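> model the following, please.
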Amino acid sequence: MMHVIALAAVLAVNGAYAHPAVDNAAVYFTIANAGAADTLDGVRCSDAASATLHRSERVGRSGRMLMLPVAGIRVPARGSVTLEPGGYHVMLENLKHPLAVGQHFMIRLHFARAGWVNVRVAVRPY
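Predicted coordinates for the structure are as follows:
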């Protein structure tokens with residue numbers, strides 16, 4: 001177990017936020033990695049019935065945006081990845097209560113190498 005804690009120490013999740021929502025919400029943040037490459041491959045949130053990893057992608061001639069589930073998000077060695085509007089994000093579906101500006105809630109991120117990391121998410125205005 002000490003090995004997992006040591007691995008998680010090389011990852012920092014910064015600036016986690018969501019916008020006010022009633023049913024579904026997206027969560028965004030930056031992952032900084034001071035160690036070997038890793039993959040964000042799971043997420044849990046007790047405030048939602050479902051929590052999954054997604055990416056937004058423009059498709060077709062119309063340029064319509066689709067949200068597509070992904071199995072994982074690679075975090076490069078000694079690098080970072082940002083989950084942001086129009087790109088990768090955590091999707092929370094069927095929220096158990098509305099999210100209001102000023103509130104905070106927790107999510108748990110799972111990394112293939114580092115294991116579970118707890119993240120505090122701020123609800124902020126658009």
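> which strand residues bridge the spatially most central residue of the chain?
Centroid-nearest residue in the chain, with Cα atoms, centre = their mean: V90, separated by 4.0 Å. Assessed by DSSP bridges, V90 has beta-bridge partners V27, L53.
> surely it meets A51?
Yes - with contact defined as Cβ atoms under 8 Å, V90 counts as touching A51 (6.2 Å). The way it works is simple: take the backbone N, C-alpha and C, and place the C-beta from them, glycine included.
> so what sits against both of these two?
Here V90 and A51 share the contacting residues 43, 45, 107, scored by Cβ atoms under 8 Å, 6 or more residues apart in numbering.
> which one of those is nearest R78?
V43 (23.5 Å; Cβ to Cβ).
> can you tell me, leaving aside adjacent residues, what's nearest to the closest one?
Spatial nearest neighbour of V43, chain neighbours left out: A51 (4.5 Å); criterion: Cβ to Cβ, 6 or more residues apart in numbering.
> now do the contacts for that neighbour.
Residues near A51 by Cβ under 8 Å, 6+ apart: 43-45, 90-93, 107.
> rewinding a little: just the pLDDT for the residue nearest to the centre of the chain.
On pLDDT, V90 comes in at 98.
> do the one 5 residues further on as well
pLDDT, the model's per-residue confidence, is 98 for L95.
> relative to N14, how far out is it?
Distance of L95 to N14, computed by Cβ to Cβ, to the nearest Å: 23 Å.
> stretch 69-77: end-to-end distance?
Across stretch 69-77, the terminal residues are separated by 24 Å (Cα to Cα, to the nearest Å).
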